[in-house]
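[1] Would you be able to build a 3D model of this:
(2 chains)
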There are 2 protein chains.
Amino acid sequence: MKWKRSERLVDMTHYLLEHPQQLIPLTFFAELYQSAKSSISEDLSIVKDTFEERGIGLLVTVPGAAGGVKYIPKMPEEAVKEVMQELLKELSHSDRLLPGGYLFMTDLLGNPELMNRVGKVFASAFCDKEIDVIMTVATKGISIAHAIARHLNVPVVVVRRDNKVTEGSTVSINYVSGSSRRIQTMVLSKRSMQSGQRVLITDDFMKVGGTMNGMKNLLEEFDCTLAGIAVLVEAEHLDERLVDDYYSLVKLKEVNEKDRTIALSEGNYF
Amino acid sequence: MKWKRSERLVDMTHYLLEHPQQLIPLTFFAELYQSAKSSISEDLSIVKDTFEERGIGLLVTVPGAAGGVKYIPKMPEEAVKEVMQELLKELSHSDRLLPGGYLFMTDLLGNPELMNRVGKVFASAFCDKEIDVIMTVATKGISIAHAIARHLNVPVVVVRRDNKVTEGSTVSINYVSGSSRRIQTMVLSKRSMQSGQRVLITDDFMKVGGTMNGMKNLLEEFDCTLAGIAVLVEAEHLDERLVDDYYSLVKLKEVNEKDRTIALSEGNYF
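    Model prediction:
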């Protein structure tokens, strides 16, 4: 069956969105739709213009025999700001205050629509950083890690606090948690990463950065390189931070448990 | 700016895919694209035909003033079978064998492309079951839960084994783990669910079903209803299972640690 342009555009859009950061040869589409490569090129230029016009992302064309087209999820600045504003608004509700000055965020981390956009925000920041793996620590960072992974099309590895038989052989390290200064353990399956991979570390919350620093040490055990750090919420504090060079979307400036107020500002994303 | 049909089709496809299971009024698209409702209707019928022809999903039109259009992710049988076959092939490698007859699956659970398809498979099975919430237990079920959630557009709640300050007030129950017959604890944040919600339970692995049964008991504490159970891999065993009426994609029939062989078959999905 020969496809009409309108049908090709719908199907092509779906295919590209489902295969981010993958080089797709034009012949793939030409064969799939039984159409000439010149028609496919015209289709792709319509998709490209619409993706860019509407802030969906970039469509990069690689010329030559080994070439093709690649969809790169990239959010425009205004859309990123909208996500930040939504997070600020959500997090400022006083009923999120927990004993000890913590914020309840579990509902946000479980919201697939919001997480999808948060993932796209971070994927946009790291889209040209050649990330191979996204690393997070159980439990709360997992949804963010997967949301980013979907847009960068790379695997997620989850560091655990305990050793489980289902992980096979593991590498474990001890680290000092930033705030409580306690010695803690991190465990990661040996098969998770190969040496030389570029790793993006992510988590939902960072104060002094002890957990992030632990993950940094852990990836050195695998001979991997730190390619970036992404946190949803960073908390302001007086001590020196153990990691620098990270992206955050929200900064928690102050929590007043008596007045039940939460002071927030935009993170350092821009 | 007035949009051309070709541009509308690309943008509309993206919008619908990003908003599954949501009723979108035709006026929304008409205003967005500065186009007549009759043109939007024609666009949508092209999208609908292509989505159905290519097995992307259904586009349901609800007539009337409060009506609109809704994208329902639904995979055709052949595509589901492909996912099952891919899982069978992946899981049959003897290097996945772990001491105690366990299988290493962590890499599959961290693969965003595979998880996205697994999520769509389960979302297809439950697309008309009016699911309100997806519940899983930390850590390994989280990626599957989020993958399903994205296609059903409902929140994920994560049951934990330990109580953490960041969860706020919690409800906890004790349950007997199926295989080891040990008493274990499950904890869930009180704010996670509201009474009357319909809950889909999911996990990566099920043997006797003790963990699933624990989650079932936990959701009763919240006055919620069990709407379904989805497991990636179920293991065959002799005892009676604690839960019935579940969907699985793979059945682990036998593991021979001496010969290093793994016997698998398709799960009970069909």
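
[2] so residue A:3 makes contact with residue A:30?
    No - in this structure, residue A:3 is not within contact of residue A:30 by Cβ atoms under 8 Å, at 10.8 Å. No exception for glycine: its C-beta is placed from N, CA and C like everyone else's.

[3] neighbour count winner among the two?
    residue A:3 (21 against 16; other Cβ atoms under 10 Å in any protein chain shown).

[4] list the contacts for the more buried one?
    With contacts defined as Cβ atoms under 8 Å, 6 or more residues apart in numbering or on different chains, residue A:3 is in contact with A:11, A:33-35.

[5] Kindly give the local confidence score, pLDDT, for it.
    pLDDT recorded at residue A:3 is 91.

[6] Same check on residue A:221?
    pLDDT at residue A:221 comes out at 97.

[7] which bits of the stretch 101-250 of chain A sit near chain B?
    A:102-107, A:110-113, A:115-116, A:138-140, A:142-143, A:146-147, A:149-150, A:153-158, A:160, A:165-168, A:189, A:191-192, A:205 (Cβ under 8 Å from any Cβ of the partner chain).

[8] Tell me which of those residues fall in strands.
    A:102-103, A:156-158, A:189, A:205 (DSSP state E).

[9] Let me know the closest of those to residue B:57.
    residue A:156 (25.2 Å; Cβ to Cβ).

[10] Spatially nearest residue to the closest one (excluding sequence neighbours)?
    Nearest residue to residue A:156, sequence neighbours excluded (Cβ to Cβ, 6 or more residues apart in numbering or on different chains): residue B:110, at 4.2 Å.

[11] Likewise for residue A:221?
    Closest residue to residue A:221 apart from its sequence neighbours, by Cβ to Cβ, 6+ apart: residue A:171 at 5.2 Å.

[12] Could you list the low-confidence segments of the stretch 1-150 of chain A?
    The stretch 1-150 of chain A contains residues with pLDDT under 70 at A:1.

[13] Report the central residue of chain A.
    Nearest residue to the geometric centre of chain A (Cα atoms, centre = their mean): residue A:148, 2.6 Å.

[14] ok, that one - contacts?
    Counting by Cβ under 8 Å, 6+ apart, residue A:148 has contacts A:119, A:122-123, A:126, A:134, A:200, A:202, A:230.

[15] Need these in a markdown table (columns: distance to residue A:61, secondary structure and neighbour count).
    Formatted as a markdown table, the contacts of residue A:148 follow (distance: Cβ to Cβ, whole Å; DSSP: H, G, I helix; E, B strand; the rest coil; neighbours: other Cβ atoms under 10 Å in any protein chain shown):
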| residue | distance to residue A:61 | secondary structure | neighbour count |
| --- | --- | --- | --- |
| A:119 | 25 | helix | 25 |
| A:122 | 25 | helix | 27 |
| A:123 | 20 | helix | 28 |
| A:126 | 22 | coil | 22 |
| A:134 | 27 | strand | 31 |
| A:200 | 26 | strand | 27 |
| A:202 | 30 | strand | 31 |
| A:230 | 28 | strand | 27 |
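
[16] Nearest to residue B:244 among the residues you listed?
    Using Cβ to Cβ, residue A:119 is the member of those that lies nearest residue B:244, at 35.9 Å.

[17] so the closest one touches residue A:142, yeah?
    No - counting by Cβ under 8 Å, residue A:119 stays clear of residue A:142, with 11.9 Å between them.

[18] Check which helices and strands the longest helix anywhere in chain A sits against.
    Looking across chain A with DSSP state H, the single longest helix is helix A:37-53. In terms of contacts (3 or more Cβ pairs under 8 Å, 6 or more residues apart in numbering or on different chains; DSSP states H and E), helix A:37-53 is packed against helix A:5-18, helix A:26-32, strand A:57-62, helix B:5-18.

[19] What lies in contact with that helix?
    Helix A:37-53 is contacted by residues A:5, A:8-9, A:12-13, A:16, A:26-27, A:29-30, A:33, A:56-59, A:61, A:69, A:71, B:6-7, B:10-11, B:14 when judged by Cβ under 8 Å, 6+ apart.

[20] For ChimeraX, what selects the buried ones among those residues?
    To isolate the buried members of these in ChimeraX, using 16 or more other Cβ atoms under 10 Å in any protein chain shown:
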select /A:5,8,9,12,13,16,26,29,30,33,56,57,59,69,71 /B:6,7,10,11,14
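
[21] Can you lay out the ones in strands among the residues of the stretch 101-250 of chain A next to chain B as TSV showing neighbour count?
    Converted to TSV, those look like this (neighbours: other Cβ atoms under 10 Å in any protein chain shown):
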residue	neighbour count
A:102	18
A:103	22
A:156	29
A:157	24
A:158	26
A:189	22
A:205	20
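
[22] Looking at those, spot the one nearest chain B.
    Lowest distance from chain B to those (Cβ to the nearest Cβ) belongs to residue A:156, with 4.2 Å.

[23] so what pLDDT did that closest one get?
    98.

[24] quick one: it and residue B:114 touch, right?
    No - with contact defined as Cβ under 8 Å, residue A:156 does not count as touching residue B:114 (11.5 Å).

[25] residue ranges for the helices of the stretch 151-270 of chain A, please.
    Listed in chain order, the helices of the stretch 151-270 of chain A (DSSP state H, counting those that start in this stretch) span A:210-221.

[26] quick one: low-confidence ranges for it?
    Scanning the stretch 151-270 of chain A for pLDDT under 70 picks out nothing.

[27] now do 90
    The model of the stretch 151-270 of chain A has pLDDT under 90 over residues A:162-165, A:176-182, A:236-244, A:257.

[28] Let's see the distance spanning stretch A:164-178 from one end to the other.
    Taking Cα to Cα, to the nearest Å, the first and last residues of stretch A:164-178 lie 25 Å apart.

[29] Next, the buried residues of it.
    So, applying 16+ other Cβ under 10 Å, buried residues of stretch A:164-178: A:166-168, A:170, A:173, A:175, A:178.
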